[in-house]
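A.B. asks: Let me see the structure of the following:
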Amino acid sequence: MSCKVYEETIVFSTTNRFELVDLTHRVEEIVRRSGVKNGICLVFAPHATGAIIANEHERGLMEDILESIRKSYPPDYPWRHNRIDD
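C.D. replies: Numbers count the residues shown, from 1 in each chain. Okay, the predicted model is just below:
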């Protein structure tokens, strides 16, 4: 029994400080292109301030998530982490 491994990277940029990007169709296309019929698809964000959310793409939910992030991590808060460059 052989094990096929396929790897591909999705590169994208955001334009807003807080933004959600739907990668569903891009991931589905990569899985199709891989030719793998049975296996696991691993999607991860290698950046410390990025995250993968697996949920339905529903406008109200997306707005709730963004609002929650904005309230939890306001850009004008005096974050100690930001002092690293001072």
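A.B. asks: which other residues reach stretch 29-47?
C.D. replies: Residues outside stretch 29-47 that contact it (CB atoms under 8 Å, 6 or more residues apart in numbering): Lys4, Tyr6, Glu8, Ile10, Leu23, Val27, Ala51, Ile52. Where you see a C-beta, it was placed from the backbone N, CA and C, and this is true even at glycine.
A.B. asks: For those residues, please prepare JSON lines with the additional fields pLDDT, distance to Asn38 and neighbour count.
C.D. replies: Converted to JSON lines, the contacts of stretch 29-47 look like this (pLDDT from 0 to 100; distance: CB to CB, whole Å; neighbours: other CB atoms under 10 Å):
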{"residue": "Lys4", "pLDDT": "88", "distance to Asn38": "10", "neighbour count": "10"}
{"residue": "Tyr6", "pLDDT": "94", "distance to Asn38": "13", "neighbour count": "12"}
{"residue": "Glu8", "pLDDT": "96", "distance to Asn38": "18", "neighbour count": "11"}
{"residue": "Ile10", "pLDDT": "96", "distance to Asn38": "22", "neighbour count": "11"}
{"residue": "Leu23", "pLDDT": "95", "distance to Asn38": "22", "neighbour count": "14"}
{"residue": "Val27", "pLDDT": "97", "distance to Asn38": "17", "neighbour count": "15"}
{"residue": "Ala51", "pLDDT": "92", "distance to Asn38": "28", "neighbour count": "11"}
{"residue": "Ile52", "pLDDT": "94", "distance to Asn38": "22", "neighbour count": "10"}
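A.B. asks: Those: which two are farthest apart?
C.D. replies: With CB to CB as the measure, no two of the contacts of stretch 29-47 lie farther apart than Lys4 and Ala51, at 28.2 Å.
A.B. asks: List the contacts of the residue most central in space within the chain.
C.D. replies: In the chain, the centroid-proximal residue (CA atoms, centre = their mean) is Ile52; its distance is 3.6 Å. Applying CB under 8 Å, 6+ apart, we find Ile52 in contact with Val43, Phe44, Ala45.
A.B. asks: mind checking how far it is from Ile84?
C.D. replies: Plainly put, Ile52 is 26 Å away from Ile84 if you go by CB to CB, to the nearest Å.
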